[in-house]
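[1] pasting the sequence and the predicted coordinates here, then a few questions.
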Amino acid sequence: MAGLVAAWQLTQAGLKPVLVESRGYTGGLVAGSQLAGIAYDIGAEGWATRRPDTSQLATELGLVVEPPVRQPSWVWFDDGAFAMPSDAVLGIPSDVTSADVVTAIGGKAADLAAELDSRPVPDEVPESLGELVRTRLGEEVLTRLVGPIAGGIHAAAPDLLSADVVAPGLRAGLVRTGSLQQAVAAQVRIRGDSPVVASVAGGMFRMPQTLHEQIEAAGGRILTRTGAKSISASPTGLEPGASPTTAGAANVPTPDGHDAQGGRWLVTTAATSRNPNPSLPPIPDGEPVTYCTDRVIVACSAAPALDLLSGVIDVTGPALTAGAPIAHVNLALQAPEL
């Protein structure tokens, strides 16, 4: 999505970008398919409304934004299924004594959560969402309420999530009120009846679909099954029309199909094949083609981005942590009683 949005924004500025996409479709984790003749989302199906950016983008694209039907999410564990508390932030309840929380975690765990949250706030408030919930409300709240919601949204265990990033203001609210429950309740009051998530009418997949269409209509090019292999600085003294020597490339086409006209950067691409691990990017293994350009935007996952950028900048830093695996199960039921 980042690459699509960047390319679309460039077309709005009158430019004609070339978008290189290693997979066979655009949109990344926002994707659609068909089941029983119905088009539906097979990836992300909405966005959090606490930031207005995505809603504004959808409106600019001419898409209709709609909230979901106001029904609670349900979670299934080995001991049964239960509805998630409605007055909550990322599954963190505003009242651990409420009936829906007690149903979810049990009376004993609810009593423990109340006792933990009554303790004085430490000088060092945990930074990770997991440790914050664990220390203030206990392991059962973390495992049964926060893990399924926060982990499902962010594809990572709560201990790997920064509370300030995924729930801005929550730690500060804890310090101010002395209670994590009260901090959540304050955010719920501010939120009011406004929906916390929204989507595109007809399916979230319509957003990348529309971006793709509008980019090409504005003169941009989208090359699927084409992966970027490397980025390097253009050779010193490259003259307009010159073709720098690069492995496997006799000339250097520019986005408009002409030979190189100067340009600061060389981007070498190749056709791709599927990775044996479908969660990893496809493998560029075709004949290399190098583009010469004045502008490059890198918009991809962290690991391949570091590989690409390593040829031009220092990318040393903290080790990357992989997100949690997610299985998205979709069923078509012929069941009028539902």
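    Alright, I've got the coordinates. Predicted, not measured: the structure shown is a model, and the values here were computed from it.
[2] ok, residue 225 to residue 266 distance?
    21 Å (CB to CB, to the nearest Å). Heads up, the C-betas are built off the backbone N, CA and C, glycines and all.
[3] please identify which of these two sits among more neighbours.
    Neighbour count, other CB atoms under 10 Å: between residue 225 and residue 266, residue 266 has more, with 23 against 18.
[4] let me know the pLDDT of residue 234.
    For residue 234, the model assigns a pLDDT of 82.
[5] repeat that for residue 319.
    82.
[6] what's the answer for residue 244, then?
    So residue 244 comes in at 45 (pLDDT).
[7] what of the one 5 residues further on?
    We note a pLDDT of 36 for residue 249 in this prediction.
[8] so which residues of the stretch 201-338 of the chain form helices?
    Taking DSSP state H, counting those that start in this stretch, the helices of the stretch 201-338 of the chain run over residues 206-217, 302-309.
[9] can you say which of the ones you listed is nearest to residue 1?
    Checking the helices of the stretch 201-338 of the chain against residue 1 by CB to CB gives helix 206-217 as the closest, at 6.3 Å.
[10] can you give me the buried ones in that closest one?
    Neighbour-count burial for helix 206-217 flags 206, 207, 208, 209, 210, 211, 212, 214, 215 (criterion: 16 or more other CB atoms under 10 Å).
[11] now that helix - C-alpha only, PDB.
    C-alpha atoms of helix 206-217 as PDB (Å, rounded to 0.1, in the frame of the first residue of the first chain):
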ATOM      1  CA  ARG A 206     -11.200  -1.600  -3.600                       C
ATOM      2  CA  MET A 207      -8.700   0.900  -2.300                       C
ATOM      3  CA  PRO A 208      -5.600  -0.600  -3.900                       C
ATOM      4  CA  GLN A 209      -7.600  -1.500  -6.900                       C
ATOM      5  CA  THR A 210      -8.700   2.200  -7.300                       C
ATOM      6  CA  LEU A 211      -5.200   3.500  -6.600                       C
ATOM      7  CA  HIS A 212      -3.800   1.100  -9.300                       C
ATOM      8  CA  GLU A 213      -6.400   2.300 -11.900                       C
ATOM      9  CA  GLN A 214      -5.900   6.000 -11.200                       C
ATOM     10  CA  ILE A 215      -2.100   5.800 -11.300                       C
ATOM     11  CA  GLU A 216      -2.200   4.200 -14.800                       C
ATOM     12  CA  ALA A 217      -4.900   6.600 -16.000                       C
END
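[12] which ones are touching the nearest residue to residue 187 once chain neighbours are set aside?
    Of all residues not flanking residue 187 in the chain, residue 89 sits nearest, at 5.3 Å (CB to CB, 6 or more residues apart in numbering). Contacts of residue 89 were listed using CB atoms under 8 Å, 6 or more residues apart in numbering, and they are 167, 170, 184, 187, 188.
[13] report all helices and strands that the host helix or strand of residue 56 contacts.
    Secondary structure assigned from DSSP states H and E places residue 56 in helix 53-60. Judged by 3 or more CB pairs under 8 Å, 6 or more residues apart in numbering; DSSP states H and E, helix 53-60 is in contact with strand 65-66, strand 197-200.
[14] and that helix, how far out from the chain's middle?
    Mean-position distance between helix 53-60 and its chain equals 16 Å (CA atoms, centre = their mean, to the nearest Å).
[15] where are the low-confidence patches of this protein?
    Within the chain, the stretches with pLDDT under 70 are 236-262, 323-325.
[16] centre of the chain to stretch 14-28, how far?
    On CA atoms, centre = their mean, the centre of stretch 14-28 falls 17 Å from that of its chain.
[17] residues making contact with it?
    So stretch 14-28 is contacted by 1-4, 6-7, 10-11, 31, 43, 205, 207-209, 211-212, 215, 218-228, 255-256, 267, 269, 272, 281-282, 284, 291 (CB under 8 Å, 6+ apart).
[18] report the buried members of the residues you listed.
    So, by 16+ other CB under 10 Å, the buried ones in these are 1, 3-4, 7, 10-11, 31, 43, 205, 207-209, 211-212, 215, 218, 220, 222, 225-228, 255, 267, 269, 272, 281-282, 284, 291.
[19] narrow those to those in strands?
    222, 226, 227, 228, 267, 269, 272, 284, 291 (DSSP state E).
[20] on the three-state scheme, the residue nearest to the first one when sequence neighbours are not counted is what?
    Sequence neighbours aside, residue 19 is the residue nearest to residue 222 in space, at 4.7 Å (criterion: CB to CB, 6+ apart). When states are read from DSSP: H, G, I helix; E, B strand; the rest coil, the local structure at residue 19 comes out as strand.
[21] from residue 131, how far out is residue 19?
    Where residue 131 is concerned, residue 19 sits at a distance of 40 Å (CB to CB).
[22] the two: who's more crowded?
    Ranked by neighbour count (other CB under 10 Å), residue 19 and residue 131 place residue 19 first, with 24 against 15.
[23] any idea how far residue 223 is from that one?
    Counting by CB to CB - residue 19 and residue 223 are separated by 7 Å.
[24] so which of the ones in strands among the buried ones among the contacts of stretch 14-28 comes closest to residue 122?
    residue 228 (46.3 Å).
[25] against residue 303, how distant is that closest one?
    For residue 228, the distance to residue 303 - CB to CB - is 13 Å.
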